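[1] below: sequence and its predicted model.
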Amino acid sequence: MLAFATGTDDIPGPPGPIRRGMFDLAGVNLPPLPNANGEARLVGDIMGPTSVVITGRAATESAVKSQALDQYRVLHFAVHAITSPN
């Protein structure tokens, strides 16, 4: 199991701006996710010791893309989601 979370529960103080890839240009302003890191860790604990959990500022788009995603049976993302209206 591989889990990613962009929560703020491990970051002291205000989290500051978060890069959101191509949606930064759209002026999208999403609120912090205060419990997402804990959620990802809990799922990792439930799924067992081979789980990989990446949280907070380390949970970037490049971190996702650098993983061998086909090696995991379960992917868990505790993040905001934005979809295109098109």
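    Structure received.

[2] so how many other residues sit close to Q71?
    Taking other Cβ atoms under 10 Å as the criterion, the count of residues near Q71 is 8. Where you see a C-beta, it was placed from the backbone N, CA and C, and this is true even at glycine.

[3] for L2, the count of nearby residues, please.
    L2 has 22 nearby residues by other Cβ under 10 Å.

[4] so it makes contact with F77?
    No: using Cβ atoms under 8 Å, L2 is not in contact with F77, being 9.3 Å away.

[5] pLDDT below threshold where in this structure?
    Low-confidence segments of the chain (pLDDT under 70): 11-29, 84-86.

[6] which residues of it fall in strands?
    In the chain, the strands defined using DSSP state E lie at 2-5, 52-55, 75-78.

[7] hmm, who's touching the first one?
    Outside strand 2-5, the residues within contact range by Cβ atoms under 8 Å, 6 or more residues apart in numbering are 33, 36-37, 39-41, 43-44, 51-56, 59, 63-64, 67, 69, 72, 74-79.

[8] the longest helix along the chain packs against which elements?
    Criterion DSSP state H: the longest helix present in the chain is helix 36-47. Applying 3 or more Cβ pairs under 8 Å, 6 or more residues apart in numbering; DSSP states H and E, we find helix 36-47 packed against strand 2-5, strand 52-55, strand 75-78.

[9] what is the burial count for A59?
    Neighbours of A59 (other Cβ under 10 Å): 21.

[10] and it, how far is that from A36?
    As judged by Cβ to Cβ, to the nearest Å, A59 and A36 stand 9 Å apart.

[11] need the residues touching each of these two.
    5-6, 79.

[12] for A59, give its distance to V74.
    Counting by Cβ to Cβ, the gap from A59 to V74 is 16 Å.
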